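Asks: Output the structure for:
(2 chains)
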Amino acid sequence: MKVLVPIKRVIDYNVKVRVKPDNSNVDLANIKMAINPFCEIAVEEAVRLKEAGIATEVITVSIGNKSCQEQLRTALALGADRAIQIETDENLDSLNIAKLLQKIVKEEQPQLVILGKQAIDSDNNQTGQMLAALTGMPQGTFVSKIKVDGDKVYVTREIDDGLQTLALTLPAIVTTDLRLNEPRYASLPNIMKAKRKPLTVRLATEFELDLAPRIKLLKVTLPASRQAGIIVETIDELIEKLKNEAKVIL
Amino acid sequence: MSILVFAEHDNSTLKVDTLKTVAAAQAIGGDITLLVAGYNCQSVVCAASKINGISKVLVADNVVYAHQLAENVSLLVLELAVDYEHIIATALSTGKNFMPRVAALLDVTQISDIIAVKNSDTFERPIYAGNAIATVQSLDSKKVITVRATSFDAVATNGTADIVTLDIANDASISAHVSDELTVSERPDLGAANVVISGGRGMKNGENFKLLEGIADKLGGAIGASRAAVDAGFVSNNMQVGQTGKIVAPDLYIAVGISGAIQHLAGMKDSKVIVAINKDPDAPIFEVADYGIVADLFDALPELESKL
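Replies: Model prediction:
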């Protein structure tokens, strides 16, 4: 079966973002970018399914300007077979991303689509669920274990109170949580090989979708900052402060 | 305007976060209806009908909603959506799971995880792990919203809302529940606890988390963990506090052996009072802590427990 893995180019997770002085957005100029960590886990899982003889082909797709080809090449170096870039200069809302992905799903007919549960820039946690709705597929979100068996995929989900296992009828959508796997490092030979793997560029406009924005970003500000407090020397002093100053314990 | 609020529950108990989500709905303003979808959930309905500020409780009590599968619940909400301008759920695992599905079926986008209401179409939400706050305006006719409950104060529960039973059973028949493996704990729920004590990589192993238990018991608190501790396999993921785990805002948060990565701070920096115990005086956690103590946690924890 084919596995499709949509990925997103985001700020590197070690970098602390800055807000632009005019509060129009965050400042991403000259910032280190990377594949979204949850998307990387999705690529790794798809590649493992291929190594296990379950998946026959792993296709990765990203939506953005030419720079996202860098992350597609990373996915290819990790073991994806081919890549599709949907070219656009717009910063599209999740719903419009899901609509474009739906078109790719229709063309490629994957049995499984694996996405990251959320991107660490917009923190929306919604594209996978939206794609599931648009394609009419079942969804397994926040997944820490995947097992394909016949026409079903069994997914174990990380929920607030513990773990939940669902059986989804294929084709299905899965979104990854942190503990699904630990992504490998791309080896140098694989990075070299990835440069020769096929990468197709499509234009977002060719899909004839209404991609008008649904959300207007009015401003971006810094959160209220916390002042550093004091260092206490002893446990006795700590307890005394918590009782009498902060009044949070009796 | 009319607003539909989805109740978070486990078929027996209504989660207190729902009371906070109702407060967010009140901030938007309008006639508020609560939806309880589940199976054999009479006790939840009873609790829900007492929530102040809502006019009625819709009840879809059917086996197809027993596990609140996204495929089935989204069809139910879609069917009800025609009567409401705003559809709101708590940004917990159920709401986060099915709400974007509702949004896409309605051909609108979702405003996720709001922390403040500016007006009926404009909201504040954290982005980049809470390192920036975006003010966003929805351009859609219907607003599908999830709420970060810790940013709102719970409404009271001495009301008497009407209960309306729905006879709608949507079974998409493409997903099925297999099993649950729930963590049973005598302690309060992480999201609802007034005191949270969390351990990080400095705890060294899962066994050492026992050192936190006595303190948690004495303070009536819950136990959390940093992503580093979860990644290292010390404890289970449902204890994770942070950007991709749980968001907590207790009266007292005690961070033990946690360096204070931005992903962790995103989950706890709205706590009223933060205490940090760490042996590294340069750990970034001290920059947000009200009270810090530079000490070896293996000395500090037993002493703290004995003196509380």
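Asks: in stretch A:232-249, what counts as buried?
Replies: For stretch A:232-249, the neighbour count (16 or more other CB atoms under 10 Å in any protein chain shown) marks A:232, A:235, A:238-239, A:241-242, A:246, A:248-249 as buried. The way it works is simple: take the backbone N, C-alpha and C, and place the C-beta from them, glycine included.
Asks: what's the first-to-last distance across that stretch?
Replies: End-to-end distance for stretch A:232-249: 17 Å, by CA to CA, to the nearest Å.
Asks: related to what we said a few turns ago, contacts with chain B among the buried residues of stretch A:232-249, please.
Replies: Filtering the buried residues of stretch A:232-249 for proximity to chain B (criterion: CB under 8 Å from any CB of the partner chain) leaves A:232, A:235, A:238-239, A:241-242, A:246, A:248-249.
Asks: sorry, back to before: pLDDT-wise, what's the bottom of the buried residues of stretch A:232-249?
Replies: Lowest pLDDT within the buried residues of stretch A:232-249 is found at residue A:249 (86).
Asks: so is that one in a helix, a strand, or just coil?
Replies: Three-state call for residue A:249 (DSSP: H, G, I helix; E, B strand; the rest coil): coil.
Asks: returning to what we had before: among the buried residues of stretch A:232-249, which are located in helices?
Replies: A:235, A:238-239, A:241-242 (DSSP state H).
Asks: Closest to chain B out of these?
Replies: Minimum distance to chain B across these is 4.6 Å, recorded for residue A:235 (CB to the nearest CB).
Asks: what separates that closest one from residue B:202, distance-wise?
Replies: With distances taken as CB to CB, to the nearest Å, residue A:235 is found 17 Å from residue B:202.
Asks: of all the buried residues of stretch A:232-249, which comes closest to residue B:52?
Replies: Checking the buried residues of stretch A:232-249 against residue B:52 with CB to CB, the nearest one is residue A:248 at 27.1 Å.
Asks: what's near enough to touch that closest one?
Replies: Residue A:248 makes contact with A:242, B:195, B:251-252, B:272-273, according to CB atoms under 8 Å, 6 or more residues apart in numbering or on different chains.
Asks: what comes up buried for stretch B:130-148?
Replies: Neighbour counts over stretch B:130-148 (16+ other CB under 10 Å) mark B:130-136, B:138, B:140, B:142-148 as buried.
Asks: which residues of the chain fall in helices?
Replies: Went with chain A since none was named. Using DSSP H, the helices of chain A run over residues A:37-51, A:69-78, A:94-108, A:127-135, A:188-194, A:235-244.
Asks: if you could check chain B rather than the one you did, that'd help
Replies: Ranges of helices in chain B, per DSSP H, are B:17-28, B:42-48, B:70-80, B:93-105, B:210-219, B:227-231, B:262-268, B:297-307.
Asks: Out of those, which is closest to residue A:143?
Replies: Closest among these, using CB to CB: helix B:93-105, at 11.1 Å.
Asks: Of the helices of chain A, flag the one that's most buried.
Replies: Among the helices of chain A, ranked by average contacts under mean count of other CB atoms under 10 Å in any protein chain shown, first place goes to helix A:127-135 (a mean of 28).
Asks: I'd like the mean pLDDT over that helix, please.
Replies: Rounded mean pLDDT across helix A:127-135 is 98.
Asks: So what touches it?
Replies: So helix A:127-135 is contacted by A:6, A:94-95, A:97-99, A:101-102, A:105-106, A:113, A:115-117, A:119, A:137-139, A:141, A:171-175, B:70, B:74, B:97-105, B:110 (CB under 8 Å, 6+ apart).
Asks: Identify the single longest strand in chain A, thanks.
Replies: Secondary structure assigned by DSSP state E gives strand A:139-149 as the longest strand of chain A.
Asks: So which bits of it are buried?
Replies: Under the neighbour-count criterion of 16+ other CB under 10 Å, strand A:139-149 has A:139-146, A:148 buried.
Asks: nearest residue to residue B:47 other than its sequence neighbours?
Replies: Once flanking residues are discounted, residue B:47 sits nearest to residue B:14: 4.2 Å by CB to CB, 6 or more residues apart in numbering or on different chains.
Asks: Return the distance of residue A:200 relative to residue A:124.
Replies: For residue A:200, the distance to residue A:124 equals 27 Å [CB to CB].
Asks: These two - which one has more neighbours?
Replies: Set residue A:200 next to residue A:124 and count neighbours by other CB atoms under 10 Å in any protein chain shown: residue A:124 wins out with 22 against 12.
Asks: Surely that one and residue A:118 touch.
Replies: Yes - applying CB atoms under 8 Å, one finds residue A:124 in contact with residue A:118, separated by 6.3 Å.
Asks: So for the chain, the centremost residue is which one?
Replies: You didn't say which chain, so I picked chain A. A centroid search over chain A (CA atoms, centre = their mean) returns residue A:116, at 3.2 Å, as the residue closest to the centre.
Asks: my question was about chain B
Replies: Chain B, centroid-nearest residue using CA atoms, centre = their mean: residue B:92 at 4.4 Å.
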